[in-house]
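Chemist: Okay, here's the prediction I keep looking at, along with the sequence it came from:
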Amino acid sequence: MEIRTIDAVPLRRELDERFANAQKWITHREYCLVRIETADGAVGWGECWGPIAGTRELIEERIAPLLRGRDPTAVESIHEDLVFDLRSAYHSTVPAGAVSGVDLALWDLRGKAAGTAVATLLGGKRRESVPAYATGHFWPPADDFDAVRESVVAEARSHVDAGFDALKLKIGLERHFGWGPEYDLELVRSVREAVGDDVTLMADANHAYDLPAARRVADGLGAVDAAFFEEPLSPDRIDAWARLNLGSPVPIAGGECWAFAPEFRRAANAGAADVLQPDVTSAGGLTSARRAAEIGDAAGVATYPHVFGSAVALAASLQLIATLPGSPRLEFDRTPNPIREELAVDPIRNDGTDVPVPDGPGLGIEIDRATLDRFRTDR
Ligand SMILES: [Mg+2]
């Protein structure tokens, strides 16, 4: 079995309505997928975090020549070789999204070659289905706080009505709206009142705060019994994360902005977070996300992977989560996203709180070719 072609496949869709988190307005969804085909016609799919620009050229011009002719089942040695090559080429910046997309496609191929689900190759499933939590609760354009609160509370109720028993809220309104942390806490309290005490609540600040503000917010989240406080601070300030985590009444969570094992090891050693959240499309694929989870487990820290991608990211994350120790949940993005919803022939859906882990070979999904062509920007 040898790799014959490596293609970057750019997908994009504009969204009907824009929405915001603490850092940015989201107006569209775009993904650079990776398609790797072997000489005997097997195909593996991966997905890269981030914009298409740059990633696509890297894969087609730099990575593809390195991989042609290699055995795709040697996933971890290819991963190491790729990181080594890109580090020497791009110095301190290894383009983690590109490595991740290639890594996922190789795991998909390896599973297909073995006729087994990737979860089996990662050590085997610990569970047949994974409880999910609803991610959403982004903010609409609005002039007053009550309009934002009304929108978020209505959305929270809709997820609970759909069967979710755990919700992740967005906080950090100040950058877009000028409303400080007291408004963030008011928003969380409003949702708690609306959905009751039996629903698990989490809050994600997308690194909106400095340390004093994060401490105030952590105390407020403790008062509503939040399950974790995600990305309170800029992801490069590991020491400040550790100081916050030490005194926080709620566990600090983070990792979607960290990549490769050494970065997760630094965070775990510092005590920066009690929940690690590697994203398979940005942390260095399943290879590095699994290593992050192992580092976390050895440090007594939980791993709840970050998931905010297309159908490929969702499928790959589910395979990983099925194998993790503890009681991980699947982050289930409930924002409108046709690329996530329509790209797989048999999409991974959530009709309650638990999502079955597909048993099919590889990542367990089949890409719908007609849908793929519809979303491609290069056709
Ligand atoms: Mg987040």
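Modeler: Structure's in. What do you need? Predicted model, so just to flag it, every value in this text is computed and none were measured.
Chemist: List the buried residues of the strand or helix carrying residue 146.
Modeler: Assessed by DSSP states H and E, residue 146 sits inside helix 145-161. Using 16 or more other C-beta atoms under 10 Å as the test for burial, helix 145-161 gives 148-149, 151-153, 155-156, 159-160. C-beta coordinates here come from the backbone N, C-alpha and C atoms, glycine included.
Chemist: I'd like those written out as CSV, with pLDDT added.
Modeler: Putting the buried residues of helix 145-161 into CSV (pLDDT from 0 to 100) gives the following:
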residue, pLDDT
148, 98
149, 98
151, 98
152, 98
153, 98
155, 98
156, 98
159, 96
160, 97
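Chemist: Show the residue spans covered by the strands in this structure.
Modeler: 3-20, 25-38, 43-48, 129-135, 166-170, 200-204, 229-230, 252-254, 275-276, 302-303, 330-333, 354-356 (DSSP state E).
Chemist: neighbouring strands for the second one, and are they parallel or not?
Modeler: Right, strand 25-38. strand 3-20 (antiparallel), strand 43-48 (antiparallel) (DSSP bridges).
Chemist: starting at the chain centroid, how far to it?
Modeler: Mean-position distance between strand 25-38 and its chain equals 14 Å (C-alpha atoms, centre = their mean, to the nearest Å).
Chemist: what does the fourth one give?
Modeler: In this view, strand 129-135 has its centroid 13 Å away from the chain centroid, taken as C-alpha atoms, centre = their mean.
Chemist: tell me what that strand is packed against?
Modeler: strand 166-170, strand 330-333, strand 354-356 (3 or more C-beta pairs under 8 Å, 6 or more residues apart in numbering; DSSP states H and E).
Chemist: Tell me which of these sits nearest to residue 57.
Modeler: Closest approach to residue 57 among the helices and strands packed on strand 129-135 is made by strand 330-333 (27.4 Å; C-beta to C-beta).
Chemist: Kindly format the C-alpha coordinates of the longest helix seen in the chain as CSV.
Modeler: The single longest helix within the chain, with elements called by DSSP state H, is helix 96-114. C-alpha atoms of helix 96-114 as CSV (Å, rounded to 0.1, in the frame of the first residue of the first chain):
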residue,chain,number,x,y,z
ALA,A,96,-0.3,22.5,12.9
GLY,A,97,-3.5,22.6,10.9
ALA,A,98,-1.8,21.1,7.8
VAL,A,99,-0.1,18.4,9.8
SER,A,100,-3.5,17.6,11.5
GLY,A,101,-5.4,17.3,8.2
VAL,A,102,-2.8,14.9,6.8
ASP,A,103,-2.6,12.9,10.0
LEU,A,104,-6.4,12.5,10.1
ALA,A,105,-6.5,11.3,6.4
LEU,A,106,-3.7,8.8,7.2
TRP,A,107,-5.7,7.4,10.2
ASP,A,108,-8.7,7.1,8.1
LEU,A,109,-6.7,5.2,5.5
ARG,A,110,-5.1,3.0,8.1
GLY,A,111,-8.5,2.1,9.5
LYS,A,112,-9.8,1.3,6.0
ALA,A,113,-6.7,-0.8,5.2
ALA,A,114,-7.3,-2.8,8.4
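Chemist: what about that helix, average pLDDT?
Modeler: Averaged across helix 96-114, pLDDT comes to 98.
Chemist: pull the CA atoms of stretch 32-52 into CSV?
Modeler: Extracted in CSV, the C-alpha atoms of stretch 32-52 (Å, rounded to 0.1, in the frame of the first residue of the first chain):
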residue,chain,number,x,y,z
CYS,A,32,-9.4,22.8,3.9
LEU,A,33,-10.0,19.1,3.6
VAL,A,34,-7.2,16.6,2.8
ARG,A,35,-7.8,13.7,0.4
ILE,A,36,-5.1,11.0,0.2
GLU,A,37,-5.5,8.2,-2.3
THR,A,38,-3.3,5.1,-2.4
ALA,A,39,-2.1,3.3,-5.5
ASP,A,40,-4.8,0.6,-5.0
GLY,A,41,-7.6,3.3,-4.9
ALA,A,42,-8.3,3.6,-1.2
VAL,A,43,-9.1,7.1,0.0
GLY,A,44,-8.6,8.8,3.3
TRP,A,45,-10.1,12.1,4.4
GLY,A,46,-8.7,14.7,6.9
GLU,A,47,-9.5,18.3,7.9
CYS,A,48,-7.3,21.2,8.7
TRP,A,49,-8.2,23.9,11.2
GLY,A,50,-8.2,27.5,10.0
PRO,A,51,-8.4,29.4,6.7
ILE,A,52,-7.8,27.7,3.4
